[in-house]
Structures are given as structure tokens and as C-alpha cells.
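Colleague: generate a structure from the sequence data that follows.
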Amino acid sequence: MAASQKVFVVLLVFVLVLQSERADSRSFTIDYDNNTFLKDGVPFRYISGGIHYFRVPRSYWQDRLTKMYAAGLNAIQTYVAWNLHEPKPGKFDFTGNNDIEAFLQMAKDTGLLVILRPGPYICAEWDMGGLPSWLMKDNSSIVLRSSDPAYLGPVDNYMAELLPRIKPFLYENGGPIISVQVENEYGSYYTCDYDYLRHLRELFIQYLGSNVVLFTTDGWYDQDLKCGTIDGLYTTVDFGPGVNPTSAFNGQRKFQPKGPLVNSEFYTGWLDHWGQPHAHTDKDKVASYLETILKLNASINMYMFEGGTNFGYMNGANGPYHPQPTSYDYDAPLTEAGDPTDKLTAISNVIAKFREMPPEPIPPATPKAAYGKVEMKYEASVLDMLSDLSPSGPIQADYPITMENMQQSYGFMLYRTRLPTAATGAKLSVPGIRDRGFTMVDQMPVGVLSRNGPTDLNLTVTAGQVLDILVENQGRINYGRYINDSKGIIANVTLGNDILQSWAIYSLNIDGALPNMFSTPPNPDVDINDGLSSVRSVRMELPRSRAGQMVPSFYTGKFSIQDTPQDTFLNMKGWTKGQVFVNGFNLGRYWPVEGPQVTLYVPASVLKADNNITLFELEASPCYAMHGSVNDACTVEFIDRPIINATTPHLREENASDSSHCLVNTLKAVASFVTGVVFTIGYPISTVLNILFS
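Modeller: Predicted coordinates:
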């Protein structure tokens, strides 16, 4: 071998050794003496934004991540939703929009670090705080988020599947993950089980190793932090604009005397509830408090940077019971559809004062299209379609069975019984309705029951008539001690003084049945074998209705797109309440009469050249005039802008009254809100202050 060749080989080996050592030296640690993170041994501060991969269509992950990087972020934060990844015990799903490994790789390729929050509980305004509802099957007394073996066993099984998938993406292994949160705001949960936190700490170390930075997040008050922190987990806090950052970080310092200051949830906006005004947080206020925090050399995550969408049935609820809408826009810097806002510009301008910005500009909004009106046609009622929606037929039971015990997690169930005696003006009482019951006698509507009231109706009936109650699960409570929020009918039903028995209970699978449900001509006479002798559903040309309420029914429509599909928004004005499917994809819930959300976000990835839309309208459609003829208003409309801030019924009432009445209503609303939030569901007082100040 020539001398030059020998020199080349030696140099090559030397370079490879250096590269290997450099890879081995990747580290993310805490320098307690100097109150900072160290990334590869160099002081480091992250400026992060929250995005949930499960709330953004996979086809748009890259678009959102690119915008976040261009805005000046050097990290992102995301939750991991257990109930998506293990929908049935032992049945795991990490495909499609649940492919978290692909999301983590995409974040790395974009140049973003990741702060991972794998739960098991995540809150997130997500159904049951991310916990799978099957935990409650045949075990309503399970103590969630505790050392209860009935809970810890499934947690261990899930983490044994999830965490090994995560480990290759740790920063020390060449990935983007710099820190991992254990549990979530545990200090505000009533169990205060330190053994549970210790168990999780050891479980995470077992699968991820001892070098990973594990942390907790809680409100900044002592009562929030007392039960949420243990040795071996780095303590961080959360607070929004309006809270003095120095005071909040002093709270962190009481439990974490040394190490970097960290706000793990700096609220850029806030969540919505049906029937309440759309949340709004002033952009200048957000920017001002962000700058103050960064001047303290603190690390920060902005919750949310993009909110996204609660597609399907996945929204959560707050107590006493206030479900969240389909949109999780959050008044964030990037809208639900990923569009830049003035708030994004204000935040980016602040970040530019503290770190070098990427040279590329923030990408513009994705194009939007207005595809116009689509005529809708009545197809059938839910009673007509029971054999399609519940092909295995009903379960017979003496008394109502919960949704969880029926091994169903989301959506709708139908409870049917034959009334044993005649009654005049008798009270039908369903105190266990969870959450909304559309009630029918002999296939005619007689009223709507609601968890928030009324839970009873006055009925005049004859013996032998058939009572049907279609129950909608509107989303499980996601925060506080009452997250074990069973659905369906969870207590006995009475008529007068009699407990109703002998129920036929249908588990309805609309999502599964929809692709073939209207592909064949309908049979006008449908026999339903439910053990209640011969109940025959005769299909009608028009939905059965009475006093402005109809039997819950399906409507379909078709529309075509000539060019490449673009994002659009489905305007549900004129309709009442229900569920929307486009090309079989479950967009989510609509309830425009309650507000504030009127349109549903339709991502381009759902659309194609020839499209179909299905509505499951639960209460009343705009399609029929009083005399029963088709109304010109039997349409939906695709528009190019969202309407998620419409005036709600409660706000309209206040605007219609005098100023003193408005003040009284406002004070009542604040008192009710604070009392309900603090005492009923256990929100930490710091979180309540965040809401009020924002």
C-alpha cells in the first residue's frame, strides 16, 4: 500500500472515531448549580409550542411543524393519548394519524426538539383525559390515577408497549426528545398517591434509562405542588398571562430550589365549551408576558401553539358537566386550520429578541375553498337502521347497562323497553342519563333528556307501548376527581313509582355501518328482533316529528370538486345538533343553536373528486315546512372561513336585558364558574386565576 493510501486510511479512521464520540456525547441534562439545562454540555433554554399530533391530520404535520420552526421555536411539546393507542385492552394502534414515531421523526427532520408528555393521564380537554374508558368495564369503583392494581396493571401493559417505541427517539440516542413528563398536573388530583408517582418514575426509568430528564407539571400554588412532586422528577409549573412570572417561579423554587425555571404551559388562549362565548386572549398581553418570562432566562412551552380539532367523538368535558366543542382552536397563534395569526407575529417578534431566527419566512395559510351549498336528502331514522347499526342485535337486561359494560367507548346507544302499565301525566325519570337522551314512544318523539336537566318528562301512555331512549355520549370529563365518567344510562329508570325493567340495549356503530348503510334501496318494512314481541319499524318518506322535535335521522348529500381539493369549512347553520361524516370520515359534532361553533373544519385530505356527506341529525332539521313539504333550506354549505365565535344563547339573553341585569348575570356566571370549577372538579386555584386574568 502506498504511503498516501496509508495516510488516507488513518485519517478516515480518525474521522469515524471523532463522529462516533460526538454521537456518544449527545446529552441533555440539568446543571443545578447554574440553574440551567445543558445540551451537549452547553447551557440551553428551550422555547417550545404545544401541538397534538392526534388533533392535526397527518398530511398537515409537516406544514404545522415548519410554521412552528419558522416562528422561532426550537422545540415542540405533545401529549400521547392512551385511549387512541390502546382502544381495546391489548389491541394497540400506532398507524396512520396515531403513528407517533413518524411524527417524532418529522419533528427531528424539521429541526425541532420534543418535550414528550406520555401520561398515562394527559387532561388535554380530551375524552377522559386520555385514559381508555374500558378501564371502567365491570369496575366502576376503580381508583384512577392511583396505586389501585386494577389501574396500575393496564398502565404497566400500555407503557411496556409505548415506551420502547419512544426510547430510540431520546436525544441521547440521536432523536429529538429532550425531556419526558411523568403523569400530568397530578398535584390537583384528590388521590395524592406518592406510591403511584414513584411507580411511574421507576417504570419510565426501566424503559427509557436513567439519563433521561423526567419532570412533572403543576400549578404554581403550594397546594398544587405538594402532591405533584417527588424526588427524582424535576418540578415545573404552569401559568398564563396575567400571573406575575416572578411569583409563579417563586412557587416552583419552594419545591425545586435549584435548576432552570420552567413554565410548561404558558396559555396563549383558552378552551371553549358549548353554549359559552369563544375564548380570546389578547395578543399583546401574551407577547408582553412571554417577553417577561424569557428575560428571566426561563424555558417555556406555549400551550397551545396550534390547537387543532377534536375529530369524531374525542372532545372532553369539564364539571359539573360542560362538554367542549369539536374545534380546539384555543385562540392559538396558529388557527385550527394551521393559519398564521397576528398573535403568531407578535410572539415571533418577541422570540427574535432572544435567539437567532431561521432565515425562512413563516409559510402562508393553506388555501381555502368555498364549495357552496349541498342539497341534503332524508334517508331513514335511527329506528329504521337498527339492524345495520347493531348487526349482532341487542343485549337483554333487567336494568340499564352502561356504555362501558357494553364494551363501547363512544357515540350512541339505544335503550328500549315495553311499558308495563298505562299512565296519565306520569313522570318518566332518568336521573342516570349520560349525557343526552332523545326519547320516543311508539317511534314518536316525546322530549329530550339531559344530564344538565331536565332528567324527567311527563308522559301519558298505554300499556304495551314501546319506549326508546337514544343516548348520546357527549364526551367524558377530562379533569378533576370525576373523570371516571360512565356513559349511557347509569341508574334505574322509573315511570311514576315503577322501576322499568326488561330492556333491550343496542350498541350502535355508526362509523362502522356508514360505508354500506345507504348503498342499497331501503326496505320499507324492517323487522327488529329485540325480544319485545313484534316491533315493526315502517320507513317513512319524511322523518317522524312532533312539536318541533323529530326522531333522530340520517340525511345524505353529494358534491363534486373539479380541481385539487382544498381545506374548507362546513356551515351547519339551520341544523340543530348531531354528527357529520364526509366520505366516511367522522368530522365531529355540530350544535350551532348552542354555539359558539357553527362551522366544522374539513381538511383537504378528507376530500376527493366525488364526495358524499352524511348527517346524523338528533333533534330538528331545516328541511320541512309545517305542512310537511320539502323546504329550500334543506342544505349545508361549504365556505372558506370558520365561524367558531358565534353569539351563544346565554350571551344573547344578556344582550337583550338592561345593564343591571347583565351585571347580575355576569356575577352569577362568575360565581357559578369558580364554585363549580374549584369545588366540583378540583381545578387548582392558579388555573382558575389563569382563566379569569386571561
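Colleague: quick one, helices of the stretch 201-350 of the chain?
Modeller: Taking DSSP state H, counting those that start in this stretch, the helices of the stretch 201-350 of the chain run over residues 222-226, 245-255, 283-295, 342-351.
Colleague: to Leu113, which of these lies closest?
Modeller: helix 342-351 (14.8 Å; CB to CB). Quick note: C-beta positions are derived from backbone N, CA and C, even for glycine.
Colleague: show me what the closest one is packed up against.
Modeller: In this structure, helix 342-351 packs against helix 283-295, with contacts taken as 3 or more CB pairs under 8 Å, 6 or more residues apart in numbering; DSSP states H and E.
Colleague: what is the neighbour count of the closest residue to Gly41 other than its chain neighbours?
Modeller: Nearest residue to Gly41, sequence neighbours excluded (CB to CB, 6 or more residues apart in numbering): Ser27, at 6.8 Å. Close neighbours of Ser27, defined as other CB atoms under 10 Å, add up to 13.
Colleague: could we number from 9 for the rest of this?
Modeller: OK, 9 is where the count begins now, so the last one is Ser35.
Colleague: re the thing from before, quick check: which of the helices of the stretch 209-358 of the chain is nearest to Gly316?
Modeller: Nearest of those (CB to CB): helix 350-359, 15.1 Å.
Colleague: list the neighbouring strands of the helix or strand just after the closest one plus their orientation.
Modeller: Where DSSP states H and E defines the elements, the next helix or strand beyond helix 350-359 is strand 380-383. Take DSSP bridges as the rule and strand 380-383 pairs in its sheet with strand 643-647 (antiparallel).
Colleague: convert the C-alpha atoms of stretch 381-392 to CSV, please.
Modeller: The C-alpha coordinates for stretch 381-392 follow below in CSV (Å, rounded to 0.1, in the frame of the first residue of the first chain):
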residue,chain,number,x,y,z
LYS,A,381,-74.4,24.6,-1.0
VAL,A,382,-75.1,20.9,-1.0
GLU,A,383,-78.7,19.6,-1.1
MET,A,384,-79.4,17.1,1.7
LYS,A,385,-81.9,14.2,1.4
TYR,A,386,-83.7,12.4,4.2
GLU,A,387,-82.7,8.7,4.2
ALA,A,388,-84.0,7.0,7.3
SER,A,389,-84.4,7.3,11.1
VAL,A,390,-82.2,5.6,13.6
LEU,A,391,-85.0,3.2,14.4
ASP,A,392,-85.2,2.2,10.8
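Colleague: what about Ile490, neighbour count?
Modeller: Just so we're on the same page, residue 490 is Tyr rather than Ile. If we define neighbours as other CB under 10 Å, then Tyr490 has 17 of them.
Colleague: is it in a helix, a strand, or coil?
Modeller: State at Tyr490, reduced to three classes by DSSP: H, G, I helix; E, B strand; the rest coil: coil.
Colleague: thought it was touching Gly327?
Modeller: Yes: between Tyr490 and Gly327 there is a contact under CB atoms under 8 Å: 5.8 Å.
Colleague: dihedrals phi and psi, Gly496?
Modeller: Backbone geometry at Gly496, expressed as degrees, to the nearest 10, gives phi 100, psi -140.
Colleague: so what's it up against?
Modeller: Applying CB atoms under 8 Å, 6 or more residues apart in numbering to Gly496 gives the contacts Pro408, Ile409, Thr410, Met411, Glu412, Met414, Met421, Tyr423, Arg442, Val479, Asn481.
Colleague: one step back: closest to Thr343 out of the helices of the stretch 209-358 of the chain?
Modeller: Of all those, it is helix 350-359 that lies closest to Thr343, at 9.2 Å by CB to CB.
Colleague: and that closest one, how far out from the chain middle?
Modeller: In terms of CA atoms, centre = their mean, to the nearest Å, the gap separating the centre of helix 350-359 from the centre of its chain is 26 Å.
Colleague: tell me which residues in that helix are buried?
Modeller: Lys351, Leu352, Ala354, Ile355, Ser356, Val358, Ile359 (16 or more other CB atoms under 10 Å).
Colleague: pLDDT value on the residue nearest to the first one when sequence neighbours are not counted, please?
Modeller: This means Lys351. Of all residues not flanking Lys351 in the chain, Lys291 sits nearest, at 3.9 Å (CB to CB, 6+ apart). Lys291 carries a pLDDT value of 98.
Colleague: what's the answer for the one 5 residues further on, then?
Modeller: Taken from the predicted model, the pLDDT recorded for Ser296 is 98.
Colleague: tally up the residues packed near the residue nearest to it when sequence neighbours are not counted, please.
Modeller: If the residues on either side of it in the chain are set aside, Ser296 comes closest to Pro249, at 7.3 Å by CB to CB, 6+ apart. Neighbour count of Pro249, defined by other CB under 10 Å: 22.
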